[in-house]
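Engineer: Pasted the sequence and its predicted model underneath.
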Amino acid sequence: MPITPYLNEIRFDPETRLVMGLAFEVTCLGLKLTARDESIKSLIASKIIELARAGEVDPERLCERTLIQLRRASADTE
């Protein structure tokens, strides 16, 4: 489950891309997403990219902060 298709030509150094990819995979696996869950995967990738652009490069914090933002967005729509 690479994050590369979601980068839309946004450039990151190789190490950051690796960390982002790891965070993306862990988050998707933790949520037990399938191939049919493309819209949520896109949202997860967007959040990880946003956080990485802001300077976050720790994979655990990327996962954690992404999940927090997703929960908040879900709670706001309820």
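Structural biologist: Thanks, I have it. Residues are numbered from 1 along each chain as shown.
Engineer: Mind giving me the packing neighbours of the longest helix seen in the chain?
Structural biologist: Longest helix in the chain, counting residues (DSSP state H): helix 59-77. Helices and strands touching helix 59-77, by 3 or more Cβ pairs under 8 Å, 6 or more residues apart in numbering; DSSP states H and E, are helix 14-30, helix 38-53. No exception for glycine: its C-beta is placed from N, CA and C like everyone else's.
Engineer: in that helix, what counts as buried?
Structural biologist: Within helix 59-77, the residues that count as buried by 16 or more other Cβ atoms under 10 Å are 59, 62-63, 65-66, 69-70.
Engineer: swap in stretch 8-27?
Structural biologist: 12, 17, 19-24, 26-27.
Engineer: quick one: low-confidence parts of this structure?
Structural biologist: 1, 78 (pLDDT under 70).
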